[in-house]
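*Asks:* I'd like to go over a predicted model; first the sequence, then the structure.
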There are 2 protein chains.
Amino acid sequence: MAENRLQKQIQFIIEIDKLKKITRQTPLTDQSRKETDAEHSWHIAVMAILLSEYAKEDQIDVFRVLQMLLVHDLVEIDAGDTFCYDEAGNAKKLAKEIKAADRIFNLLPADQAHYFRELWNEFETRKSPEARFGAALDRLQPLLHNSRTQGGTWREHHISRRQVIQRNNPINDSAPTLWEYAAKLIDEAFEKGFLGD
Amino acid sequence: MAENRLQKQIQFIIEIDKLKKITRQTPLTDQSRKETDAEHSWHIAVMAILLSEYAKEDQIDVFRVLQMLLVHDLVEIDAGDTFCYDEAGNAKKLAKEIKAADRIFNLLPADQAHYFRELWNEFETRKSPEARFGAALDRLQPLLHNSRTQGGTWREHHISRRQVIQRNNPINDSAPTLWEYAAKLIDEAFEKGFLGD
């Protein structure tokens, strides 16, 4: 029984190796290629350790933030990455991701399947300060990359300043200082012509 | 002053994007390419959440394990990845990594530079149960990949069963159940001819 438990855990660990095959829209800052979901998840987890002091809500549980960020994109193994400015894609995204969550998390022993599913639900529904802060970092990181790569995917997909503000403005709800910083980067990108109006 | 602090943190966040450019020896389980340090760091962090129940020492602080695993390879941005069976490379590794730690962590504000350096020191010197458990996962993950890829880098570099046991046996000190599992995989790989004697 105990052996069966470990086998399920190992099977899951092998399965999630596929997150390294899911390519995001975000370019590396040296523009050599786009990053993978696994790389993105690692990057924002380190950001959570460094930037938790800017969380608006006190006594945020950084351990919980880390766990959510490490698992939040696993559903993309089946559902794929949806570009955040793709409205048609985003309308279909939730149903695909729920189906993916049903399959992927249930590879685990029942208690851990439940635990990971709850982490994912908490993040998706933004129902805790930790989920909201994690979601802010999930937005800030591609913004930093686009800002450092002459507009990156913003320019590639002809995204407007208005769209970028609308997408990233929720950073303000959980980390006003980080939003203030982000808003300056958006203004700079607009002034340099990397963003439309 | 506060703005300068955030600027340092952002500079560090941009700098560590380079971890996505450091390629390890370990192949992805589909053998399409080798994984990056950032992907590996993410993978073993998720493993820490899942497998902490096998830590021999009670009441392990999984939050601390996660933080160590997320930052343990950052020094490879400057020092590069050294193949664990490369004896000559490993003799020079520590000096290169200390120099890298001096540069990279000091991009951060002093308190965070100190905090990250301590995390890295703790992991490198295996001086806590958390460091030892994290190090066990850092060994187990490539072992799982090599076992799933007809010997992977073991076969590529003509590594012997004896070398693999010597390298991975420390898993037994912090997680005997995981070592028992790993030892079976090593035996299977040997029987299938993926490992020399």
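*Replies:* Everything's here; your move.

*Asks:* tell me, what residue is most central in chain A?
*Replies:* residue A:138 (3.9 Å; C-alpha atoms, centre = their mean).

*Asks:* Look up the closest residue to that one, ignoring the ones flanking it.
*Replies:* Sequence neighbours aside, residue A:44 is the residue nearest to residue A:138 in space, at 5.8 Å (criterion: C-beta to C-beta, 6 or more residues apart in numbering or on different chains). For the C-beta atoms, the positions are set from N, CA and C on the backbone; glycine is no exception.

*Asks:* what ranges do the helices span in chain A?
*Replies:* A:2-15, A:37-51, A:62-71, A:76-79, A:87-105, A:110-125, A:129-148, A:152-156, A:161-168, A:171-174, A:176-191 (DSSP state H).

*Asks:* circling back to that earlier point, counting neighbours, what do you get for the residue nearest to residue A:138?
*Replies:* Neighbourhood size, residue A:44 [other C-beta atoms under 10 Å in any protein chain shown]: 26.

*Asks:* Do I have it right that it meets residue A:71?
*Replies:* No: at 12.0 Å, residue A:44 does not count as touching residue A:71 under the criterion of C-beta atoms under 8 Å.

*Asks:* Check residue A:86 and give its pLDDT.
*Replies:* Predicted confidence (pLDDT) for residue A:86: 87.

*Asks:* again, but for residue A:60
*Replies:* 96.

*Asks:* Output the contacting helices and strands for the strand ranked longest in chain A.
*Replies:* For chain A, the strand that runs over the most residues, judged by DSSP state E, is strand A:23-27. Judged by 3 or more C-beta pairs under 8 Å, 6 or more residues apart in numbering or on different chains; DSSP states H and E, strand A:23-27 is in contact with strand A:34-36, helix A:37-51, helix A:129-148, helix A:152-156.

*Asks:* any weak-confidence spans in chain A?
*Replies:* Residue ranges of chain A with pLDDT under 70: A:1-2.

*Asks:* contacting residues around residue A:165?
*Replies:* A:183, A:186 (C-beta atoms under 8 Å, 6 or more residues apart in numbering or on different chains).

*Asks:* at 7 Å instead, please
*Replies:* residue A:186 (C-beta atoms under 7 Å, 6 or more residues apart in numbering or on different chains).

*Asks:* List, one by one, the residues from chain A near chain B.
*Replies:* A:6, A:9-10, A:13-14, A:16-17, A:20, A:28-29, A:35-36, A:38-39, A:41-43, A:45-47, A:49-51, A:63, A:66-67, A:70-71, A:112, A:144, A:148, A:177, A:181 (C-beta under 7 Å from any C-beta of the partner chain).

*Asks:* Can you say which of those residues are buried?
*Replies:* For those, a burial check counting by 16 or more other C-beta atoms under 10 Å in any protein chain shown picks out A:6, A:9-10, A:13, A:16-17, A:20, A:28-29, A:35-36, A:38-39, A:41-43, A:45-47, A:49-51, A:63, A:66-67, A:70-71, A:112, A:144, A:148, A:177, A:181.

*Asks:* thought residue A:104 was touching residue A:76?
*Replies:* No: distance between residue A:104 and residue A:76: 9.8 Å, which falls outside the contact criterion (C-beta atoms under 7 Å).

*Asks:* The two - which one has more neighbours?
*Replies:* More crowded of residue A:104 and residue A:76, by other C-beta under 10 Å: residue A:104, with 25 against 21.

*Asks:* Relative to chain B, how far out is the more buried one?
*Replies:* Look at residue A:104 and chain B: by C-beta to the nearest C-beta, to the nearest Å, they are 12 Å apart.

*Asks:* With residue A:160 instead?
*Replies:* 24 Å.

*Asks:* same thing with residue A:101?
*Replies:* 15 Å.

*Asks:* Who are the contact partners of the nearest residue to that residue once chain neighbours are set aside?
*Replies:* Computed as C-beta to C-beta, 6+ apart, the closest residue to residue A:101 that is not its neighbour in sequence is residue A:75, at 5.1 Å. By C-beta under 7 Å, 6+ apart, residue A:75 lies in contact with A:97, A:100-101, A:104, A:120.

*Asks:* if you set the cut-off to 10 Å instead, what comes out?
*Replies:* When contacts are counted by C-beta atoms under 10 Å, 6 or more residues apart in numbering or on different chains, residue A:75 touches A:19, A:93-94, A:96-105, A:120, A:124.

*Asks:* quick revisit: out of the helices of chain A, which gets nearest to residue B:159?
*Replies:* helix A:2-15 (20.9 Å; C-beta to C-beta).

*Asks:* Which elements pack onto the closest one?
*Replies:* Helices and strands touching helix A:2-15, by 3 or more C-beta pairs under 10 Å, 6 or more residues apart in numbering or on different chains; DSSP states H and E, are helix A:87-105, helix A:110-125, helix B:37-51, helix B:129-148, helix B:176-191.

*Asks:* Would you check that my belief about residue A:160 contacting residue A:197 is correct?
*Replies:* Yes: counting by C-beta atoms under 10 Å, residue A:160 touches residue A:197, with 6.0 Å between them.

*Asks:* Looking at these two, which is more packed in?
*Replies:* residue A:160 (14 against 6).

*Asks:* What sits closest to the more buried one if chain neighbours are left out?
*Replies:* Closest to residue A:160 by C-beta to C-beta, 6+ apart is residue A:196, at 4.3 Å.

*Asks:* shouldn't the one you found be in contact with residue A:155?
*Replies:* Yes: using C-beta under 10 Å, residue A:196 is in contact with residue A:155, at 8.9 Å.
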